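Undergrad: Sequence first, then the predicted structure, then my questions.
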Amino acid sequence: MSDVILKVSHLSKAFGAIQALRDVQFELRRGEIHALAGENGAGKSTLMNIIDGILQPDSGEIHLDGRPVRISSPAAAQRLGIGLVHQEIALCPDITVAENIFMAATNASRSLLVDYAGLNGRAADILSGLGDIDPSTLVRSLSISQQQLVEIAKALTLDCRVLILDEPTAALTEKEATVLFAIMHRLAEQGIAIIYISHRMAEIFGHCDRVSVFRDGQYVVTHNVAETTPTDIVNAMVGRVVDNRYPAKFQGDSLSAPAILEVENLSSPGLFSDVSFTLRRGEILGLGGLIGAGRSEIIKGICRIDETATGTVRLEGKPLDARRYQQSIREGLVYLSEDRKGDGLFLDMSIAANVSALRLGLVSKGGIIDQRRENLQASDLGRRLNLKCGHVGQPVSALSGGNQQKVAIAKMLSVNPKVIFLDEPTRGVDVGAKLEIHRILRDLANAGVGIVVISSELPELIGVCDRVLVVREGRINGEVSGDAMTEQNIMYLASIDAERARAGGARP
Amino acid sequence: MTTQTIAAETGKTSGSGWKRLAGMREIGLILIILALFAAMSFASPYFLTWENMRAMAMAFAVEGIVVVGMTILLISGGIDLSVGSVTALAMVIAGLLFLNGVDPWTASLIAILACTAIGALMGFFVTKVGLHHFIVSLAAMVIARGACLLGTGGRPLGLFTLPPEFKFIGQGSIGVIPVVIVIFVVVVVAFDFMLRRTTMFRKVFYTGSNEKAAAYSGIRTKKVIFLTTTLCSALCGFAGVIYMARFGSAQPTFGVGMELNVIAAAVIGGASLSGGSGTIFGAILGTILLSVVSSSLALLDVSVYWQDIIRGSILLAAVTIDHYLSKRRR
C-alpha cells in the first residue's frame, strides 16, 4: 500500500533471558490514529523505544516510506521525523517552557548562540493550539497536565511525520483530554501518523482509526476500530475469553465469624482519624478510595510503620502492644508496600535473601545464617506460590513483574503471619500472574489468614474482596458488601460525603 | 562462594547463577594477581624473594584492616573519606599519651575509643541530622588532620622508649610470619565470615541494597548505618595503633590519600558505591592487586608519579569491566 509510512517486520528484542519482542510486525499509515493495546509487559513500550531509537532491535527491519532505516538514537529518529512523547514527563523543571520545547531543536542547531527572544515567540505559536500556557514560565510551576501538553508541543516542533503518544491521558483531566483528542485529529488531517498507546477502551473506540493488539511480546492482530468491539480487543489482549476471573468468595457468614483484627479509633494527625473496623476470619477486606485518601497511611498506622498513630488494635482479641513495625511482624502483622521495586524488594539480592528478610531468625541459629535452610524456605514458599525461577540464588531483578510480586508475597508468608496487608498487590503484573495472586489470597483467607487489600482497580476490589471499606480524606466514609459492592457505590463513597451516600443506598 | 542452590521450579534457568558470577570476579582478580607475579618474577629477580614478599604483605596488611571497615560501610550505602586522617589521629593520640606517661596499651585503647567516638559522631550527623556521608566524612577528614597537626606541632613524634612487647605487634614475628600479617588474616577471616553468614551483617546488605525496603522489613536502617560508620572509624583506630607499633613513631601526616587507595581496593574487589554489594575477600584481593602493582612499579624503577597514573587507570578499568558484567547479568 502506498500510504504506509512506517512498517516494522520480524522485529525481535531480548533483555537477558526475557524475550520482550518476538518476531513482531506493525504497520502505520499516513494520517491515521493507530492505537496500540496490550497488557503491561506485552511489549508496546519496547517497540516504541525501538522505533524512537532508544533501544536497538536484535533482529528485524524497520521501513520508513518504503526504505529500510536504522534508527540508532532518538536524535536519528527526530531527523527521520519520528517524535515520541513518553508516559513519564521528562522536562527540565528549572528552565522555561519555551526552552524545553526547543530543547531538541537547540541541540540540533548549528548556531552558537540561543535565540531566546525568537524562542518565546515560536513557542507561543505552537502552544496556542494546545492550551493556555505562557512560554516564559518555568516548567516547575506548571501542573502535571500542562507539563504533558508541553511534552506534546516539544514533539510537534520537530516537524514529525510519525508521532507516538504513550498513555498521554493518564495524567489529564477529561476536559484536557478532549482538547488533546481535538489536536490529535487535526494533526492526523495534516497527514501526520499517530501511534496512540492507551489502556482505555473508550478512548481507543472514540478516537482511533485502527488498533493493533500485542500480547507477551508478540503481535496478535490489527483491526479497523469500526469493525471490532471492545470485548474482542480485551479478549485478544488477554488471549482467552475473559469471564469468571475471580475466585469464589467467602462462604461463611462474615458477621458471625470470629474477629482476627479489631481496630478502634485509630488516628494519626494530618493523615487519618477515627478509623475503626473489624476483620473477620476467612474474609478478604478491601480498602477503596481515591489515591491520596489515606488508605496506605491507615495500614502503616496499624502496623506501626507510622509510629505516631494512636488508637487500639486488637489481634485475636488481645490488644496489640507494638511500638515498632519489627514488633508487629513478630506479632503476625505484615505489610506489602505498593511500590514493589522502590521499597518492597532487594532487587540485586537473591530470591532466598529476599524471602528471609522479615525474620532472619527463622533461618539462622545463634545469629549465623544457615544457607541451606534459607534456600529451602524460599524454594518451599516458591513452590507453594508457583514461582517461576531458575533457582532461589538468582537475583530478583531477573524475574518478571508477576514473579517479583510472588517473591514479595513469599517474603510476607515466611513469617506465618496472622494478618497480611497488601497495597496494590497486582500493580504492573500480567493477567496470568494476577489471577494466580487472587487465588493465592483466597486460599490464604480460607486457611485462616486475615487479609486486607488496597487496590485502585475497582473491578479487582469488587472481584476479590468480601467487603470494601471506602476511605475518603482520612476517614472511613462507608462500607459496601454483597450486591452493594458496585463501582458506582464505591466511587460515590470515595468522592462524596457519607451523608449523601447513605441516601444513595450504600451501607455506611 | 559455595552456595548450595536448590531449583524451586524448572523454568527459565540461566544455569550459572548470580553467586557464581559474583565468585568469578574474585577468581578473575586472583588470576590477574598470579599473572603479575609470573611476569614480575621474570622482570626482576628480586621480586619473588622472601624479603620482597614480606615487605609487600606488611605494606598492605594494616591498610587491609581499614579496607575491611570501608567495604562494610560501602555495602551499607555509606562512604568515609576520613579514614587516612583518623588512622593518623589514632597514632597521634596514642603517641602523645605514651609520651605523657600512660602505658602504651592503655594509650592504644584510648586512641581506638577516640576514633570510635569520631565514627559515632559522623554516624550521628548522617543518621540523625540527615547529612550525606560524603560531606560529613570530608569535614571529619579535615578536622582529624588538623587535630593531628595541632597535637604534634606538625612534627613526627619519636617513640623510642616503646616497650619491646608493644613493638612486637608491629615488628615481631611468630615463627616466620610477621605478627601484623597474623592480625590482618584474623581480622579478614573473621569479618569475611560474619559478612557472609551472620544475620547482623545480612542487615547491612539489606540496608545498602534498598534502604526503604529494609525499613519496610522491620530493619532499623539508621541504626545499621550508624554502626557501620562507627565500625569503620574504630578499625581505623586499630590500624593506627598497629602502625605506631610498627614505625615506633606517630606521624601526623600519615595516611594522606589513603582513602582513595582504600575505596579503590574495595571497589576493585566488587563493592558498589551505591551499596548492597561487596565482599571482604574481594576487597582484600583488590588491596593485594594495588599493592603488587605499586611494588612492581617501584622495582621496575618507574617514577612515583607514573605509579599514581597507573593505579588510577587500573581502578577505572576494573569499574568499567564490572559495569559491563553487571549489565550482562541483568
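TA: Noted; the coordinates are in hand.
Undergrad: right, and residue A:291 touches residue A:454 too?
TA: No. At 10.3 Å, residue A:291 and residue A:454 do not qualify as touching, with contact defined as Cβ atoms under 8 Å. Heads up, the C-betas are built off the backbone N, CA and C, glycines and all.
Undergrad: Low-confidence regions, the chain specifically.
TA: All of this is about chain A. When residues are selected by pLDDT under 70, those of chain A lie in A:1-2, A:16-18, A:40-41, A:104-114, A:170-174, A:239-245, A:252-255, A:431, A:496-508.
Undergrad: could you do chain B instead?
TA: For chain B, the ranges with pLDDT under 70 are B:1-24, B:325-330.
Undergrad: Helices of that one, residue ranges please.
TA: B:18-43, B:50-75, B:83-99, B:104-124, B:133-152, B:164-171, B:179-197, B:199-209, B:211-215, B:221-247, B:258-268, B:280-299, B:304-329 (DSSP state H).
Undergrad: how does chain A divide into domains?
TA: Following automatic domain parsing, chain A resolves into domains at A:4-238, A:244-332+A:417-508, A:350-411.
Undergrad: Mind checking these for the one nearest to residue B:47?
TA: Nearest to residue B:47 among the domains of chain A is domain A:350-411 (39.6 Å), distances taken as Cβ to Cβ.
Undergrad: ok, is the closest one in contact with chain B or not?
TA: Yes. Contact of domain A:350-411 with chain B (Cβ under 8 Å from any Cβ of the partner chain) involves A:350-351, A:353, A:357-358, A:360-361, A:364, A:367-369, A:371-372, A:375-376, A:378-379, A:382-383, A:386-395, A:397-398, A:411.
Undergrad: sorry, back to before: right, so the domains of chain A: which one is the most enclosed?
TA: The highest mean neighbour count among the domains of chain A, using mean count of other Cβ atoms under 10 Å in any protein chain shown, belongs to domain A:350-411: a mean of 22.
Undergrad: just to revisit the earlier point, restricted to strands, list the residues of domain A:350-411 next to chain B.
TA: Using DSSP state E, the members of those that fall within strands are A:364, A:368-369.
Undergrad: Checking residue A:420 next. Helix, strand or coil?
TA: Classification of residue A:420 by DSSP: H, G, I helix; E, B strand; the rest coil places it in strand.
Undergrad: Now for residue A:153: which residues touch it?
TA: By Cβ atoms under 8 Å, 6 or more residues apart in numbering or on different chains, the contact list for residue A:153 reads A:101, A:123, A:126-127, A:130.
Undergrad: what do you get if the cut-off is 10 Å, keeping everything else the same?
TA: Applying Cβ atoms under 10 Å, 6 or more residues apart in numbering or on different chains, we find residue A:153 in contact with A:85, A:97-98, A:100-102, A:123, A:125-127, A:129-131, A:133, A:135, A:183.
Undergrad: quick check, nearest of the residues you listed to chain B?
TA: Nearest to chain B out of the contacts of residue A:153 is residue A:85 (Cβ to the nearest Cβ; 27.0 Å).
Undergrad: For that closest one, what are phi and psi?
TA: Main-chain dihedrals, residue A:85, degrees, to the nearest 10: phi -100, psi 110.
Undergrad: and what of residue A:389?
TA: phi -150, psi 160.
Undergrad: Go ahead and confirm it touches residue A:382.
TA: Yes. Look at residue A:389 against residue A:382 with Cβ atoms under 10 Å: they come within range, at 6.7 Å.
Undergrad: Looking at the stretch 51-200 of chain B, what residue ends up closest to chain A?
TA: When scored by Cβ to the nearest Cβ, the stretch 51-200 of chain B has residue B:199 as its residue closest to chain A, at 4.0 Å.
Undergrad: Now that residue: closest residue in space that isn't a chain neighbour?
TA: residue A:360 (4.0 Å; Cβ to Cβ, 6 or more residues apart in numbering or on different chains).
Undergrad: Was I right to think residue B:291 contacts residue B:61?
TA: Yes. When contacts are counted by Cβ under 10 Å, residue B:291 is listed as touching residue B:61 (9.3 Å).
Undergrad: of these two, who's got more company?
TA: Using other Cβ atoms under 10 Å in any protein chain shown as the criterion, residue B:291 and residue B:61 rank with residue B:61 on top: 26 against 22.
Undergrad: residues near the closest residue to the more buried one other than its chain neighbours, how many?
TA: Closest residue to residue B:61 apart from its sequence neighbours, by Cβ to Cβ, 6+ apart: residue B:184 at 3.9 Å. Residues near residue B:184, counting by other Cβ under 10 Å, number 24.
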